[in-house]
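Engineer: sharing a model prediction with you, sequence too.
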Amino acid sequence: RKEVEQDPGPFNVPEGATVAFNCTYSNSASQSFFWYRQDCRKEPKLLMSVYSSGNEDGRFTAQLNRASQYISLLIRDSKLSDSATYLCVVNRSRGNTPLVFGKGTRLSVIA
Amino acid sequence: GAVVSQHPSRVICKSGTSVKIECRSLDFQATTMFWYRQFPKQSLMLMATSNEGSKATYEQGVEKDKFLINHASLTLSTLTVTSAHPEDSSFYICSAGALETQYFGPGTRLLVL
């Protein structure tokens, strides 16, 4: 079993749709959680960190459930520019340590 | 904000040659940098941890004699793919941390013919 597992993609949605991504992680000692966005042939870029209390940034809402080791990302009112691969990412410890990446879920927002 | 650069961004080489990739932290010092590799439609996979002034730490299955890492200063780590073969063709990305945030370089796309 992979340490970070995500929904298999791709997700093809119309503009304005709400889309949800799910992710589970297997290492219960994981400390930090993130969603990254990766555009085709580019490096990953931090979208948002994820906290147990849930956090929102504009149209994006992230949730963490430590008990079930589950992370989610909700995108409301999808835009064409949201088309990308969304990576669920976990850090096993705090501080400057390497990240563990999920395989990513491809999102295509269609006009 | 913090920026990490990589050079070159793209390289095409013949099988058997060696390729050096540089990773620089531009406005902060990084005692530790990480090298990842991403094959098409796959996750980024950690290859090694580059430590300034000491030997790199390699992940299981990554050959240290094939992927040479040198972290000679607080702002520069290099990855050399020695005797590259077509199966080494991949997207190589470095990262460096400042506090609890990892910053990624733009990546180097390697194609070995």
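Structural biologist: Now that the structure is in, tell me what you want to look at.

Engineer: just the element for whichever residue of chain B sits closest to chain A, please.
Structural biologist: Of all residues in chain B, residue B:97 sits closest to chain A, at 3.5 Å by CB to the nearest CB. The way it works is simple: take the backbone N, C-alpha and C, and place the C-beta from them, glycine included. Using DSSP states H and E, residue B:97 sits in strand B:90-98.

Engineer: and the contacts of that strand?
Structural biologist: By CB atoms under 8 Å, 6 or more residues apart in numbering or on different chains, the residues outside strand B:90-98 that reach it are A:41, A:43-44, A:95-99, B:2, B:4, B:6, B:21, B:23, B:25, B:28, B:30, B:32-39, B:44, B:47, B:50, B:77, B:79, B:81, B:102-105, B:107-110.

Engineer: again, only using 7 Å
Structural biologist: Strand B:90-98 has contacts (CB atoms under 7 Å, 6 or more residues apart in numbering or on different chains) with A:43, A:96, B:2, B:4, B:6, B:21, B:23, B:25, B:28, B:30, B:32-39, B:44, B:77, B:79, B:102-105, B:107-110.

Engineer: drop anything exposed from these.
Structural biologist: Buried subset of these (neighbour count, 16 or more other CB atoms under 10 Å in any protein chain shown): A:43, A:96, B:4, B:6, B:21, B:23, B:25, B:28, B:30, B:32-38, B:44, B:77, B:79, B:102-105, B:107-110.

Engineer: and chain B, which residues reach chain A?
Structural biologist: Residues of chain B found near chain A (CB under 7 Å from any CB of the partner chain) are B:32, B:34, B:42-44, B:46, B:49, B:93, B:97, B:100, B:102, B:104-107.

Engineer: and with 8 Å instead?
Structural biologist: Within reach of chain A by CB under 8 Å from any CB of the partner chain, chain B has these residues: B:31-32, B:34, B:36, B:41-46, B:49, B:91, B:93, B:95, B:97, B:99-102, B:104-107, B:109.

Engineer: residue A:52 contacts residue A:66, correct?
Structural biologist: Yes - using CB atoms under 8 Å, residue A:52 is in contact with residue A:66, at 6.0 Å.
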